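Student: no letters, just coordinates:
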């Protein structure tokens, strides 16, 4: 991470996130303004075309000169003289068309588009490049399609169509004007240079394979084949990695700047490697911003949010603050020259410059005189506390805190309305908060922590605008309900209260014990159960009406209680012995024993508080751990099955991808064969992939 940050000069949001191609940005004098002043052109995959002309700091409404929807995804922009009259026009590439438009003055200082001509493409376009191929009198558009065809468009006519040999996937496209070479990359990670004169000397159907591919795409057939010169690259270089961008640098002589997935390459116009720099980050885009002699300085944007400046293959400057850039460029303004234009994937367009001030946290000035004696005494006290903690002699915090928290008895209220999740809140409690003498608590925040599946109608209560003192008491009413999903394990609700005293943060907690009636309903007790726990005490047995007054009537002296856990089919029975202090908790569902057992032990502790001798608990048998270990084994088996499904899914996806590549090869086969068996294999692989995906989702 860089110590320095880019300084924002101007920024705005141009659209939603994730709707931009790899070349959505163009900077140039598209409206032929005199004196020349560059504008910023942005295109999105939703068809939005916007032109910005920022003249001062901070975004103004007048900075947006044009906002129009072309009703088709915009893949790329190019600027050039496409009519031979000297006026700069804008070429807009869409998947099935190329529009040549003139950007002219509109009403109230805005701009408008005027269509010059439009080409409808027979093939789906991937990218394009503009140049005066063959020393033409005007700029010609060369469109690369998804099937490897190069379509040359001269003014309003289609000049020629040529197919690249051994083509699978389109790569970036560029043009060296000094050597009349079209440069691109292929799926084998090689960089190729094709001479324009070789492309012009060959015919559209230089092989039967190219002829068949063109007929399948264009939907036409011919019985004659015109022989011509085979297309071969003038030079090629094996990069060993995928190419992201290719830029032509107008140095003396021209150079190529090629950005790969992990390296940056410099080539001369003859395809010879000049330099190579291995990158330590994953790059997103690059822009050559300064060309002096044979030297190329570049800006590099990466996914780590740092903008790097490269000078003679060395990183001479790095500044943070550029998150996930999609495209880079530079523009000159009257106030600041060489502003960096950054478009990121979130739709934010920013003009910034590389400042020299480090991004360091600013320290607040001390407004009061420091008492060095008090600070030294506090330091000694802290050191004593640290030594006591290291020796294990540190005592707990004092019981008296600066605020007091209490709660009323829980009441059962059937009038509480259910919320949007259909949870009925059946019990409520009032929590009272007050402060001790000479203490004023502010910025109070109460967080309610409930065990699953118990829920509260207020997960957090904020009292930032209210101060609490000894004369002030704040009452907060909380309601609790149950989400029917699984058996509860605890009935303790913890209130965490954060507050501030004289600007210093404090925190305390308070526990509320919920009744068993919140999560259960009374049923007839059962003598038989699969799981049994016997609790032995040293006190005489108590009737159920004294232990569970919220579930048993006062005139009921039964020694047994049956409760059905809400949200499950489990029945839990609590049976007290007639003479000895034994209590048996049993159920067919092992997990449902937790809440009734904890409530029973808490009720016994409250009834025998301060008794002599003190209450003691013993368990007659060992705790049955078989259900717990069965769940652990089941979880382990599911994890193993999930890993096996993931491996099988990866293998099926790889197989499906190989079948798709093989299908593309069969489409270009000069001797077509039957596709029935291959189609059945592809369909079977597809269904297998879907079945594995569903199984993987269910296992998760």
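Tutor: Looks like it arrived, so ask away. Just so it is clear, the model here is predicted, and its values are computed rather than measured. Numbers count the residues shown, from 1 in each chain.
Student: any idea what sits nearest residue 623, other than its immediate chain neighbours?
Tutor: residue 533 (7.3 Å; Cβ to Cβ, 6 or more residues apart in numbering). From N, CA and C alone the C-beta is placed, and that goes for glycine too.
Student: tell me the strands beside the one helix or strand that neighbour maps to, with direction?
Tutor: Under the criterion of DSSP states H and E, residue 533 resides in strand 531-537. Here strand 531-537 has these sheet partners by DSSP bridges: strand 582-587 (antiparallel), strand 617-619 (antiparallel).
Student: which helix runs longest in this protein?
Tutor: helix 626-667 (DSSP state H).
Student: that one to strand 531-537, inter-axis angle?
Tutor: 140 degrees (axes from the mean of the first three to the mean of the last three Cα atoms, to 10 degrees).
Student: show me what the following helix or strand past helix 626-667 is packed against.
Tutor: From helix 626-667 onward toward the C-terminus, using DSSP H and E, the following helix or strand is helix 676-699. Applying 3 or more Cβ pairs under 8 Å, 6 or more residues apart in numbering; DSSP states H and E, we find helix 676-699 packed against helix 626-667.
Student: quick one: list the elements packing against the helix it packs on.
Tutor: Using 3+ Cβ pairs under 8 Å, 6+ apart, the elements in contact with helix 626-667 are helix 676-699.
Student: now do the helix it packs on: everything it contacts.
Tutor: 638, 641-642, 645-646, 648-649, 652-653, 655-656, 659-660, 662-663, 666 (Cβ atoms under 8 Å, 6 or more residues apart in numbering).
Student: please pick the buried ones from those residues.
Tutor: Listed as buried from these are 645, 648, 649, 652; burial here means 16 or more other Cβ atoms under 10 Å.
Student: apart from its chain neighbours, what residue comes closest to the third one?
Tutor: Closest residue to residue 649 in three dimensions, ignoring its sequence neighbours and counting by Cβ to Cβ, 6+ apart: residue 692, at 4.6 Å.
Student: can you give me phi and psi for the closest residue to residue 146 other than its chain neighbours?
Tutor: Spatially, and ignoring its direct neighbours in sequence, residue 146 is nearest to residue 124 (4.7 Å; Cβ to Cβ, 6+ apart). Taking degrees, to the nearest 10, you get phi -70, psi 120 for the backbone angles of residue 124.
Student: thinking residue 124 is in contact with residue 93, fair?
Tutor: No: no contact is recorded between residue 124 and residue 93 when judged using Cβ atoms under 8 Å, the distance being 11.2 Å.
Student: who has more neighbours out of those two?
Tutor: residue 93 (25 against 12; other Cβ atoms under 10 Å).
Student: residues contacting the more buried one?
Tutor: With Cβ under 8 Å, 6+ apart, residue 93 has these contacts: 74, 75, 76, 77, 78, 125, 127, 128, 143.
Student: now do residue 31
Tutor: Contacts of residue 31 (Cβ under 8 Å, 6+ apart): 39, 103, 104, 105, 111.
Student: could you do residue 271 as well?
Tutor: 191, 193, 234, 235, 236, 237.
Student: reformat these as JSON lines; add distance to residue 177, pLDDT and neighbour count.
Tutor: Output for the contacts of residue 271, formatted as JSON lines (distance: Cβ to Cβ, whole Å; pLDDT from 0 to 100; neighbours: other Cβ atoms under 10 Å):
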{"residue": "191", "distance to residue 177": "18", "pLDDT": "95", "neighbour count": "25"}
{"residue": "193", "distance to residue 177": "13", "pLDDT": "95", "neighbour count": "21"}
{"residue": "234", "distance to residue 177": "15", "pLDDT": "93", "neighbour count": "18"}
{"residue": "235", "distance to residue 177": "17", "pLDDT": "94", "neighbour count": "17"}
{"residue": "236", "distance to residue 177": "20", "pLDDT": "94", "neighbour count": "16"}
{"residue": "237", "distance to residue 177": "20", "pLDDT": "95", "neighbour count": "18"}
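Student: tell me the one of those residues nearest residue 577?
Tutor: residue 191 (88.3 Å; Cβ to Cβ).
Student: run a quick neighbour tally on residue 385.
Tutor: 12.
Student: how about the helix or strand containing it: buried residues?
Tutor: Assigned by DSSP H and E, residue 385 belongs to helix 372-390. With burial defined by 16+ other Cβ under 10 Å, not one residue of helix 372-390 is counted as buried.
Student: now it: average pLDDT?
Tutor: Averaging pLDDT along helix 372-390 gives 87.
Student: what does stretch 154-174 give?
Tutor: 90.
Student: again, but for stretch 317-336
Tutor: On average, the pLDDT along stretch 317-336 is 87.
Student: where does the stretch 501-650 of the chain have low pLDDT?
Tutor: The stretch 501-650 of the chain contains no residues with pLDDT under 70.
Student: now the strands for it?
Tutor: Per DSSP state E, counting those that start in this stretch, the stretch 501-650 of the chain carries strands over the ranges 504-513, 520-523, 531-537, 560-565, 571-576, 582-587, 617-619.
Student: can I get those in CSV with distance to residue 300 and mean neighbour count?
Tutor: CSV is the format used below for the strands of the stretch 501-650 of the chain (distance: least, Cβ to Cβ, whole Å; neighbours: other Cβ atoms under 10 Å):
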stretch, distance to residue 300, mean neighbour count
strand 504-513, 43, 14
strand 520-523, 65, 17
strand 531-537, 65, 17
strand 560-565, 62, 22
strand 571-576, 66, 23
strand 582-587, 66, 21
strand 617-619, 68, 11
